[in-house]
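Q: here is my input; please provide its structure:
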Amino acid sequence: MKVSTQDHAHICVMTISGEFTHDDTDAFHRALGNRIEDGRTRHVIVDCEHLEFIDSKGLETLIDLQQRLAGPGGAVRLASPDSTVTTILHLTRLENAIEACDTIEDAVRSLR
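A: As a prediction, the model looks like this:
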């Protein structure tokens, strides 16, 4: 997995490429750093355009992040998930736990 971040006000856009598996959760958390604790980030948009696969631990990491952000009024959005990621969310019945949007711009609009 490759991950990069961009901060825009209280929104962090994380772009993930490749596979997001058990082996990648530490890198995901490192990429977030202390943004949430120090108040820089209330919302996280995960750009999934280049995400090829996500396993159960990757999903669990996203759900944990959603729960962590929900306390202070934040949220996680997935942007541009492909059919594989969408199918995995559907099969695991998590499509309602984290909102998926067609584009990053749609995800930003959904957070306002």
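
Q: packing partners for the top strand by length along the chain?
A: The longest strand of the chain (DSSP state E) is strand 43-54. The contact analysis (3 or more CB pairs under 8 Å, 6 or more residues apart in numbering; DSSP states H and E) places strand 43-54 against strand 11-20, helix 56-70, strand 75-79, helix 83-91, helix 104-110. For every residue, glycine as well, the C-beta is placed using N, CA and C.

Q: count the neighbours of Val44 for me.
A: Using other CB atoms under 10 Å, Val44 has 25 neighbouring residues.

Q: would you agree it is in contact with His29?
A: No - with contact defined as CB atoms under 8 Å, Val44 does not count as touching His29 (11.7 Å).

Q: adjacent strands (with direction) for the longest strand of the chain?
A: Applying DSSP bridges, strand 43-54 is found paired with strand 11-20 (parallel), strand 75-79 (parallel).

Q: helix or strand next in line after the first one, which one?
A: Just to be clear, that refers to strand 11-20. Proceeding N to C from strand 11-20, the next assigned helix or strand is helix 25-32, under DSSP states H and E.

Q: where does this structure have its least confident helix or strand?
A: Here the helix or strand of the chain ranked lowest by mean pLDDT, DSSP states H and E is helix 83-91, holding a mean of 90.

Q: helices and strands around the helix or strand following that helix, which ones?
A: As assigned by DSSP H and E, the chain's next helix or strand after helix 83-91 is strand 99-101. When contacts are defined as 3+ CB pairs under 8 Å, 6+ apart, strand 99-101 packs onto strand 75-79, helix 104-110.

Q: tabulate these (JSON lines), appending mean pLDDT and distance to Glu95.
A: Putting the helices and strands packed on strand 99-101 into JSON lines (pLDDT from 0 to 100; distance: least, CB to CB, whole Å) gives the following:
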{"stretch": "strand 75-79", "mean pLDDT": "97", "distance to Glu95": "10"}
{"stretch": "helix 104-110", "mean pLDDT": "96", "distance to Glu95": "14"}
